[in-house]
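Asks: pasting the sequence and the predicted model now:
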Amino acid sequence: MSWSHPDISLEEFMKLVKGFVDILILLSGYQSSGRLAHWDSQNIKKAFQWGLFFENFLGSFSSSDDYVDSVMELDGAISEMTSAASFPKGLAHMSTATLATARRFVLEHLIHSLPLRDAHLRALLTATVEMDLEELSEIEHDFLNVYLSKLKLQDTPMQQGIEPARKFGDCGGNGLTKYAVQGLLKRWSVVSLISMAESGLDVLSQSVRHSSWSEFDDNLLKEQLKHENTPVTVDWLVGSLTWNRWKSNSLSYFLDKRIVQLVSGASMVFSTPKIQWVQTFQRLNFSDLAGGSYNGLCETIELMLLGCIASRWTSVIQHLVSVSYDSRTVLEQYHEVCNLLHGRSTTLRSKKEAISQATDILEYLSGMLDDQVHLLWKICPALGAVAIPSWSPLFRLYLSEIQIQVRGDLSTMRCCDCAHNRKEHTDCELAQRIWCLYVFHVYGSRPIAHS
């Protein structure tokens, strides 16, 4: 089996393929630096012309039996290129078959780029129409009327979509336009469904956020606790109200539209090989650290922790919803959590998770935090609790800081004045962080005591 094309070597052709891959990456809407990639109609036409080159080359190349071995060798070279760890997984299915319809490949990337801005859409449609008109002008004198006549024939009902042809040439002079319409209709349909889902999520999130539990003013009950002979039921009720307020806060965080979008993004980012997402994070510039702001770094930490739980998002929500009041005090919950370090309690996590994708994320996050573990205290308590498993060294560091604050020792991350005022931690940020660890690591691992 050997390459036998008379005009170009396999090595030279593969250089062209790799150049085409670079173009497709830019067509995703972003540069390698993460900045937006701007495409005008002329550059889009150049991308289509690249696609046309591969279509014509492989069309003539594959039409002869003399080149069967060459096609097989080309597929092997493309397969070797796509199997590299650094190769974009979104293009891993590339082959001679996809290059044979390369303009369609280009169009799909242009249509599904995020975000599809007005200027981008205008440039795409301009380039698409111009390419079709140029193709028709070579074979038709009155090419504009021919083009419009062909479009009028394409009045297939929107809900049925447009039946794709195997090659653009099969569409007869309006192939790019036809596929552009089809792709845009599909994208419109998906966006409509997402919009409906977001509306439902907003309703659910607002309902949780403004639930009677979270709005109930328990100050009156707390005042009653100061009086002598306070009934035990009042103590139970105040604890229950606090418990449910923290539960509502946690659910509100996980159901927030911004967080759901971040989960989706994290799932995509961390589905790639580790070497790729590590390179992405290494390129990030946290220049705001010089000014004492950690916003950029905190957002990255949040994204990584969400990546640890993206695959079990549903189970996290279900667990929170199922949580009911446990009469243990915050101090009792704290001791239960501390027992995790000695192996006397079990967690919600399976042993398989210890060798899962989360391990790589947590290892990288630990190295990135280094001596800045205090940044975990800028993250939602529920996220930190559910995303960091008890077997992780990061968990031990996080819990160590909680222990320091419970004892009232000096700390640069003091989150409440309870120790200073010699008050018990019952309804403060530290108590909430302990509660979150208890709920996700201890609660449910054994029967729950109901009052």
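Replies: Received the coordinates, thanks.
Asks: remind me what the helix or strand harbouring Ser248 packs against, helices and strands.
Replies: Per DSSP states H and E, Ser248 falls inside helix 232-255. Helices and strands touching helix 232-255, as assessed by 3 or more CB pairs under 8 Å, 6 or more residues apart in numbering; DSSP states H and E, comprise helix 175-209, helix 212-215, helix 219-225, helix 313-322, helix 381-387, helix 429-441. In this view, the C-beta of every residue, glycine as well, is placed from N, C-alpha and C.
Asks: what is the next helix or strand after it packed up against?
Replies: Using DSSP H and E, the helix or strand that directly follows helix 232-255 along the chain is helix 257-269. Under the contact criterion of 3+ CB pairs under 8 Å, 6+ apart, helix 257-269 touches helix 175-209, helix 295-309.
Asks: 6 Å instead, please
Replies: Using 3 or more CB pairs under 6 Å, 6 or more residues apart in numbering; DSSP states H and E, the elements in contact with helix 257-269 are helix 295-309.
Asks: which other residues reach the helix it packs on?
Replies: 262-263, 266, 270, 286, 288, 316, 358, 361, 365, 375, 378-379, 383, 386-387 (CB atoms under 6 Å, 6 or more residues apart in numbering).
Asks: let's see that with 7 Å instead.
Replies: Outside of helix 295-309, the residues within contact range by CB atoms under 7 Å, 6 or more residues apart in numbering are 262-263, 266, 269-270, 281, 284, 286, 288-289, 316, 358, 361-362, 365, 375, 378-379, 383-384, 386-387.
Asks: which of these count as buried?
Replies: 262-263, 266, 269-270, 316, 358, 361-362, 365, 375, 379, 383-384, 386-387 (16 or more other CB atoms under 10 Å).
Asks: pick out the most distant pair among these.
Replies: Spanning the widest gap among the buried ones among the contacts of helix 295-309 are Val316 and Leu375, at 21.8 Å by CB to CB.
Asks: coming back round to it: among the helices and strands packed on helix 232-255, which gets the worst mean confidence?
Replies: Per-stretch mean pLDDT for the helices and strands packed on helix 232-255 is lowest at helix 212-215 (a mean of 45).
Asks: need the helix or strand of the chain with the lowest average pLDDT.
Replies: Sorted by mean pLDDT, DSSP states H and E, the helices and strands of the chain end with helix 212-215, the least confident at a mean of 45.
Asks: where's the helix or strand containing Lys46 relative to the chain centroid, distance-wise?
Replies: In this assignment (DSSP H and E), Lys46 forms part of helix 41-62. How far helix 41-62 lies from its chain's middle: 32 Å, per CA atoms, centre = their mean, to the nearest Å.
Asks: could you do stretch 65-85 as well?
Replies: Worked out by CA atoms, centre = their mean, stretch 65-85 lies 33 Å from the chain centre.
Asks: what residues sit buried inside that stretch?
Replies: Neighbour count says stretch 65-85 has 67, 70-71, 73-74, 77-78, 81-82 buried, by 16+ other CB under 10 Å.
Asks: what of stretch 84-93?
Replies: Per 16+ other CB under 10 Å, stretch 84-93 contains these buried residues: 87, 91.
Asks: with stretch 388-408 instead?
Replies: So, applying 16+ other CB under 10 Å, buried residues of stretch 388-408: 388-392, 394-395, 398-399, 401-402, 404-406.
Asks: low-confidence bits of the stretch 1-150 of the chain, can you list those?
Replies: Low-confidence segments of the stretch 1-150 of the chain, defined by pLDDT under 70, are located at 1, 32-34, 62-63, 113-115.
Asks: nearest residue to Leu74 in space, please, no chain neighbours.
Replies: In space, and not counting its chain neighbours, Leu74 is closest to Thr96: 5.7 Å by CB to CB, 6 or more residues apart in numbering.
Asks: how about the one you found, what does it touch?
Replies: 58, 71, 74-75, 78.
Asks: from those residues, which land in helices?
Replies: The helices, defined by DSSP state H, take in 58, 71, 74-75, 78 from the contacts of Thr96.
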